[in-house]
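S.K.: sequence and predicted structure below; questions after.
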Amino acid sequence: MDKDIKKVEERLEYLSSDPKTIELYRAREKALHERANMISSAEERGIEKGIKKGIKKGIKKGRKESAIEALKLGLDVYMAAKISKLSVEEVEEIKKNLLQ
């Protein structure tokens, strides 16, 4: 085992003294670093996008629930739309689905 380690040390010493090898090593390290940064940035953007989408979906669901409750209380479509901040058409669709 010591013989193998010695060979590796000699090879490493040889390669580390070669300017071209050092240049290639640094270029590879830089490329790996840039790739890691790009992946990290893409993941962050994806997470942020997912959070925004989830928030919008949650708000929409809450508005639909408000419209349903308003309709159940006997309010007309226009009042339910005003309360829920949904369009009259959306509330009419909700009402139609409630009656089924």
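M.R.: Nice, I can see it.

S.K.: per-residue pLDDT, residue 93?
M.R.: Residue 93 carries a pLDDT value of 95.

S.K.: what's around it, how many residues?
M.R.: 14 (other CB atoms under 10 Å). C-beta coordinates here come from the backbone N, C-alpha and C atoms, glycine included.

S.K.: separation between it and residue 57?
M.R.: The gap separating residue 93 from residue 57 is 17 Å, by CB to CB, to the nearest Å.

S.K.: and for residue 80?
M.R.: For residue 80, the distance to residue 57 - CB to CB - is 20 Å.

S.K.: higher neighbour count, these two?
M.R.: residue 80 (25 against 10).

S.K.: from what I can see the more buried one touches residue 92, true?
M.R.: No: look at residue 80 against residue 92 with CB atoms under 8 Å: they stay out of range, at 9.4 Å.

S.K.: which residues in the chain form helices?
M.R.: 2-16, 19-72, 77-84, 88-99 (DSSP state H).

S.K.: got the angle for the longest one vs helix 77-84?
M.R.: Yep, that's helix 19-72 we're talking about. Using axes from the mean of the first three to the mean of the last three CA atoms, to 10 degrees, the direction of helix 19-72 lies 140 degrees away from that of helix 77-84.
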